[in-house]
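[1] please find the sequence and the predicted model below.
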Amino acid sequence: MRRLAALCALLALPVAILPAVELAWVRVLAGEAESAVWRAGEACPAAAADAPFAPSAVLSYSTLRPGDTLAETELAARALSWERSLETSGRFSKAAVFVIELPDDPQKRGVIVEASPLDAPLFGGGSAYASMVLPLFGGRRSSLAMIAGANKDSVEYRDETFRDLPLVLDSRLEYDNDLIEEGSFVGNRLTGSFGLGPRLGPLCSLVLSARGCLPFDSVEGSSAFIAIDAALEYTRPSLFDLRGLDLSLSATLSAYPLSSALRLEAQSSLSVPIGETCLACEAGAGLSSGALDSTELFDLHGGPLFLRGPEGYDREASEVELARLDYGAPILHAPIASWLEMSLGPFAFAELARASTDSSLLAGAGGGLRLKLGSPVNLTMDFGYAADQDGSGGFVFDAAATTYF
């Protein structure tokens, strides 16, 4: 019934007109223990001494506030959205949000939020890197992430409720380099950034950062630089299907005052449920003006706007547009243990891109087998073959995993 009311509210379906209700309080439960109660007219509660997380780590994922007056269907829809935001945040192993009618006043409602914190580190990795993330660092909506790999080592701290305000603080220190075919490392550089900005919604932020890069060796087209970055991020998790309709958008505009250059990088992804799996739709673009430092060019082989097809093109470009579709259909499901399940099935992808290094379109397509291991391992591995528009091809291997102990 709760999901039906939420669906009617989102789709504006005709329903019986109900009187507005008032949200009297919000109660946060950490597992089975009560963490805090927020009542109308009161300030957001502080964390109890023995609470595993601050109430703001949960309350910040919704715009609902005690004292709000709204329709019953809208309250149900926003409670469901709150639940999905917590489930997909990566900070809680499970979450549930309930709306209850208060017995002393039929026009008032209470909201109970149950959240089990994910207080163990998340370990991840891919083809050439390993990572560790503390997703609920200090019991707050903040994270500490560390990455170690062949070409990159970094540490990042991000606090999305800075000083219990709708502010985002983001800081990063990163070392990276370029690995050339002979096995030596060039382009060694150290990059640091610090940013602060408003949280525009539960899952939307705009952060303004200052970033500096210091190279350790001489590489043609590369030197020390300073950049001012404005980064916008927005995500919307699926409300009615855990497998699809997840939407994410991000865009970063960078200005380089020493070279009078500009750089814009934007990405979007949407997963649409089809049967037991989903179609992943991705699009991205990178634009620039002025003379970019060589380290700021868009990496088509391994950057955020990378191409999965054969690498028969220049690695770096000053402009790129990309669109990709990916679909996998698991046909074999097998339990490996009582707590772990494996799935195996075919996958296929197709991509179309244009880069400044080649005025013609770059097209690629491929497919193969996709192996997945479920929670708590969360491993995805692709084995396959891909070809480009000229018929040249190569093997495809991608791997990514996250787990916690």
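    Perfect, thanks for sending it. Numbering: from 1, shown residues only.
[2] where does the prediction get shaky in the chain?
    Along the chain, the model assigns pLDDT under 70 to residues 1-18, 31-34, 48-49, 126-127, 179-184, 219-221, 238-245, 310-314, 357-360, 404-405.
[3] and it, what are its domains?
    Per automatic domain parsing, the structural domains of the chain span 2-117, 120-239+249-257.
[4] output the ones you listed as CSV; include the columns distance to residue 291.
    Using the backbone N, CA and C atoms, a C-beta is placed for each residue, glycine as well. Shown next, in CSV, are these (distance: least, C-beta to C-beta, whole Å):
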stretch, distance to residue 291
domain 2-117, 38
domain 120-239+249-257, 9
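[5] could you dump those to a markdown table with mean neighbour count and distance to residue 284?
    Compiled in a markdown table, the domains of the chain are given as follows (neighbours: other C-beta atoms under 10 Å; distance: least, C-beta to C-beta, whole Å):
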| stretch | mean neighbour count | distance to residue 284 |
| --- | --- | --- |
| domain 2-117 | 17 | 21 |
| domain 120-239+249-257 | 16 | 9 |
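[6] for those, which one sits closest to residue 346?
    Across the domains of the chain, residue 346 has its closest neighbour in domain 120-239+249-257 (20.9 Å, C-beta to C-beta).
[7] quick one: the closest one to chain centroid distance?
    The chain centre lies 13 Å from the centre of domain 120-239+249-257; the measure is C-alpha atoms, centre = their mean, to the nearest Å.
[8] start the count at 10, not 1, going forward
    Let's use 10 as the start, then, which means that last one is domain 129-248+258-266.
[9] re earlier: do you know which of the domains of the chain lies nearest residue 372?
    The closest approach between residue 372 and any of these, judged by C-beta to C-beta, belongs to domain 129-248+258-266 at 23.5 Å.
[10] first vs last residue of that closest one, how far apart are they?
    The distance separating the two terminal residues of domain 129-248+258-266, taken as C-alpha to C-alpha, to the nearest Å, comes to 42 Å.
[11] partners of the helix or strand encompassing residue 222, with directions?
    Of the helices and strands defined by DSSP states H and E, residue 222 is found in strand 213-224. Strand pairing for strand 213-224, using DSSP bridges, gives strand 194-210 (antiparallel), strand 234-245 (antiparallel).
[12] quick one: contacts of that strand?
    By C-beta atoms under 8 Å, 6 or more residues apart in numbering, the surrounding residues in contact with strand 213-224 are 169, 177, 179, 196-209, 231-244, 263, 302, 304.
[13] residue contacts, residue 29?
    78, 79, 80, 81, 116.
[14] now the phi/psi pair for the last one, please.
    Per-residue torsions, residue 116: phi -100, psi 10 (degrees, to the nearest 10).
[15] for the third one, same thing?
    The phi/psi pair for residue 80 (degrees, to the nearest 10) reads phi -70, psi 150.
[16] just give the closest residue to it, not the sequence neighbours.
    Nearest in space to residue 80, with sequence neighbours left out and distances taken as C-beta to C-beta, 6 or more residues apart in numbering, is residue 29 at 5.8 Å.
[17] from residue 76, how far out is that neighbour?
    The spacing between residue 29 and residue 76, counted by C-beta to C-beta, to the nearest Å, is 13 Å.
[18] likewise residue 298?
    Applying C-beta to C-beta to residue 298 and residue 76 gives a distance of 48 Å.
[19] ok, residue 70 next?
    With distances defined as C-beta to C-beta, the gap from residue 70 to residue 76 amounts to 19 Å.
[20] what does residue 148 give?
    Counting by C-beta to C-beta, the gap from residue 148 to residue 76 is 26 Å.
[21] and what of residue 391?
    From residue 391 over to residue 76 the distance is 50 Å, taken as C-beta to C-beta.
[22] could you pull out the helices in the chain for me?
    11-20, 65-68, 81-96 (DSSP state H).
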